[in-house]
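[1] predicted model, plus sequence, below.
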Amino acid sequence: MIASLSNEKIKDAVAVKNNHGRYRNDAFFIEGTRLFTTALDAGVAIQSVFFTYEFAVKEANTPVLERLDKLGLTPEEVSPKVMEKLSDTQTPQGIAGIGARRNFTFADIDAAANPQIVICDGIKDPGNLGAIIRTAEAFATDTVVILPNTSNPYAPKAIRASAGGIFNVAVVYAGAKRELASWLKDRGIRLIVTVPEGGTDIRDIDMASPFAVVFGEEAVGASPDIINMADITATIPMCGMTGSLNAAAAAAVFLYESFRKRH
């Protein structure tokens, strides 16, 4: 059992957890039975796993440990104190580890028929970003594109907020917005940018054919440059006094409308 906080394996795992501010980190921190199960179901490569005795003796946790064992992994028991150091939550669940991020490119989008793409522009809060990814996966989105000024989708909080949805969509990092817009145009994929007001009512937009939709940061919305590149600006109709929805709520409304029209 690992009981020392200075153990090199523990220090390495904590470094991955704390270093989630890096934009394209190849390793990510994962915690909790549900996320491990979702990651394994999606074929995510798990590099290391740590668990506590208290976790292992609960019958409900046996299946995930058995699955890890069948993959040839050797989960390492750690003390509650070490797990507390590893954990990114106030109440550690007793299992944590490191996974390997899968590298998707725009070539993967080319392989999709009638793609529905979500673009995150300046979403700073990892919880909101994760919620958008969760919604995107729930409503049959093929790809989530992350623009450079957006939070890391593999930050621990973003992964938790995605409820593991991030493991079931292609996450692609984009560079210049103009190049992205040109790439979409060359493939006949319309660029829809959501705006708080003045855009086309989402109920009047054709969503059955290929499109990419941009959701911007709550406080300022999508950046002016990408709005200027839009084929369509879209607005969610509202009747209350609230001026706008936050990014995660807007994504849920828009993507449900898309799902309804496509199915």
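    Yep, it's here.
[2] alpha carbons only for contacts and neighbour counts from here, please
    Will do.
[3] confirm that Gly99 sits in a helix.
    No. With DSSP: H, G, I helix; E, B strand; the rest coil as the criterion, Gly99 is assigned strand and is not in a helix.
[4] so what's it closest to, chain neighbours aside?
    Ile46 (4.3 Å; C-alpha to C-alpha, 6 or more residues apart in numbering).
[5] so who does the one you found touch?
    Applying C-alpha atoms under 8 Å, 6 or more residues apart in numbering, we find Ile46 in contact with 40, 97-100.
[6] neighbour-wise, which of these leads?
    Gly97 (25 neighbours; other C-alpha atoms under 10 Å).
[7] sec struct for the closest residue to it other than its chain neighbours, please.
    Closest residue to Gly97 apart from its sequence neighbours, by C-alpha to C-alpha, 6+ apart: Val49 at 4.2 Å. Assigned with three-state DSSP, Val49 falls in the strand class.
[8] how far away is Thr38 from Phe254?
    25 Å (C-alpha to C-alpha, to the nearest Å).
[9] out of the two, which sits in the busier spot?
    Phe254 (22 against 17).
[10] show me what contacts that one?
    Phe254 touches 202, 236, counting by C-alpha under 8 Å, 6+ apart.
[11] what does the one 3 residues further on give?
    The contact partners of Glu257, taken as C-alpha under 8 Å, 6+ apart, are 202-203.
[12] one more time with 10 Å
    139, 202-203, 205, 207, 251 (C-alpha atoms under 10 Å, 6 or more residues apart in numbering).
[13] burial measure for Arg67, as a count.
    14.
[14] over to Arg260?
    Neighbour number of Arg260 under other C-alpha under 10 Å is 12.
[15] what's the helix or strand for it?
    Take DSSP states H and E as the rule and Arg260 turns out to sit in helix 247-262.
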